[in-house]
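Undergrad: Sequence and predicted structure are below.
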Amino acid sequence: MAGARQEVLSKDRGSQPLWVWIMVLMAHGRRCVYCDERQSQTLEHEAPLAGRAGRDIWWNLVPACDRCNSWKHKRSAVEWARDMKLHHAHPKAGFARHALPPRVVEGISDRIAQVQREIRDPARRQWFEHHYGQRRTPRLRREKYEEVQRCDLIRRISVAAIGVVPPLREGICGTRLSLCR
């Protein structure tokens, strides 16, 4: 049973639409939710697919840098933070091969909760789906990241021009940008 589950998850993994990629990578100021210093580069499953709770769905994704994504491996964020705390308390025991500084580890849970609130915001989700929902998802991660950079620029221009990113009203966009045509 576990082998069949793993096969299904591996086959479906990474098939997120472009709007989900952009929405998640734009969260937390485009920074990695774990180290809080590097720019987010990939979607990270907060609850790993290898575990029973893990799902390849937008509400289980957080922005991460490649380094933290690799270091976290198949652990949940809670397990990884616990291992790093044990590593700092008992460095010779080898609880974590790679560990972030203790002050960074302490904030992981709060940052994840903040990002999940941001991602679950219906108005925000609707904005990303409206602007990017019909677009083809690029195959290469570099191309996805270029879309994130473009989106960041558009959102900054909107905020600079009118002070906020215009919300959608009954499905009608207030940005009047080329994205919406």
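TA: That came through, no problem. Remember, predicted model here, so these are calculated numbers, not experimental data.

Undergrad: pLDDT below threshold where in this protein?
TA: 1-14, 51-54, 95, 159-181 (pLDDT under 70).

Undergrad: Quick one: the helices in it, in order.
TA: Here the chain has its helices, by DSSP state H, at 2-12, 18-26, 66-72, 77-89, 102-106, 108-120, 122-132, 141-162.

Undergrad: Out of those, which is the most enclosed?
TA: helix 18-26 (a mean of 24; mean count of other CB atoms under 10 Å). No exception for glycine: its C-beta is placed from N, CA and C like everyone else's.

Undergrad: which strands and helices sit next to it?
TA: Helix 18-26 is packed against strand 42-45, strand 61-64, helix 122-132, helix 141-162, with contacts defined by 3 or more CB pairs under 8 Å, 6 or more residues apart in numbering; DSSP states H and E.

Undergrad: Of these, which is nearest Arg31?
TA: strand 61-64 (7.2 Å; CB to CB).

Undergrad: name the helices or strands packed onto that closest one?
TA: helix 18-26, strand 42-45, helix 108-120.

Undergrad: what's in contact with the first one?
TA: Helix 18-26 is contacted by residues 40-41, 43, 58, 61-63, 119, 124-125, 128-129, 131-133, 135-138, 144-145, 147-148, 151-152, 155 when judged by CB atoms under 8 Å, 6 or more residues apart in numbering.

Undergrad: Please apply the same query to the longest one.
TA: The contact list for helix 108-120, computed with CB under 8 Å, 6+ apart, reads 23-24, 27-28, 33-34, 36, 46, 58-59, 61-63, 77-78, 80-81, 124-125.

Undergrad: the inter-axis angle of that helix versus helix 77-89?
TA: 160 degrees (axes from the mean of the first three to the mean of the last three CA atoms, to 10 degrees).

Undergrad: 22 is where my numbering starts, stick with that
TA: Right, with 22 as the first residue, what we last looked at is helix 129-141.

Undergrad: Export helix 129-141 to CSV, keeping only CA atoms.
TA: Extracted in CSV, the C-alpha atoms of helix 129-141 (Å, rounded to 0.1, in the frame of the first residue of the first chain):
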residue,chain,number,x,y,z
ILE,A,129,10.3,28.8,11.8
SER,A,130,6.9,27.9,13.2
ASP,A,131,5.8,31.5,13.4
ARG,A,132,7.0,32.2,9.8
ILE,A,133,5.2,29.1,8.5
ALA,A,134,2.0,30.1,10.2
GLN,A,135,2.3,33.6,8.8
VAL,A,136,2.9,32.3,5.3
GLN,A,137,0.0,29.9,5.5
ARG,A,138,-2.3,32.7,6.5
GLU,A,139,-1.0,34.8,3.6
ILE,A,140,-1.5,31.9,1.1
ARG,A,141,-5.0,31.0,2.4
